[in-house]
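[1] just to be clear, the model below is a prediction. Sequence and coordinates:
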Amino acid sequence: MTKLVIPLTAFILPMKKQGKLRMVKMTLNNWIMIHGMKAGRMIANKRKHQIQAKIMPVVDRAMVNGVAPIEKNTKFKFDWYFPDRRTDLDNWTFTHKFIFDAFQASSVRGQVFMPNDNLNFVVATYDDFRGVDKANPRVEIDWSD
């Protein structure tokens, strides 16, 4: 089994809320809110790319350090350590989308980390809330085939 750790700060972006610039967790509720805005699809796409840009260096560094690319028929386990108990697990697990898209966009020396996130490669996802860690909120991702 292999492990990759992504800080939850990767999913926090500056957004204007109620006329003020605030740091906002890009969870499912905020994603839905963005899609309801004028030009929401374009804004959401920009946010997705901003998050991917934070995740990809973590993946690239892991590959340089010897983590092998994802194979077919892979099962993923996500252990979540939140900064507090204010956001539900189902709102955070929506970020699988950003993580898997970053996996596909990451490559080192021409080797793509995950060729696709379809059912040929991702056959299961498991999520566990592991507790509150104010100092180091993160998601630890393990996988096996």
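    Perfect, I can see it now.

[2] contacts and neighbour counts: CA atoms only from here.
    OK.

[3] tell me how far L21 lies from M15.
    5 Å (C-alpha to C-alpha, to the nearest Å).

[4] correct me, but D84 touches V132?
    Yes - between D84 and V132 there is a contact at 5.6 Å, judged by C-alpha atoms under 8 Å.

[5] out of these two, which sits in the more crowded spot?
    When neighbours are counted by other C-alpha atoms under 10 Å, D84 and V132 differ, and V132 comes out ahead with 15 against 11.

[6] give the contact list for the nearest residue to the more buried one once chain neighbours are set aside.
    Nearest non-adjacent residue to V132, counting by C-alpha to C-alpha, 6 or more residues apart in numbering: F82, 4.8 Å away. The contact partners of F82, taken as C-alpha atoms under 8 Å, 6 or more residues apart in numbering, are L8, F129, G131, V132, D133, K134, P137, R138.

[7] tell me which residues of the helix or strand containing the third one are tucked away?
    Secondary structure here is read from DSSP states H and E; on that basis G131 sits in strand 122-132. Neighbour-count burial for strand 122-132, counted by 16 or more other C-alpha atoms under 10 Å, picks out V122, D127.
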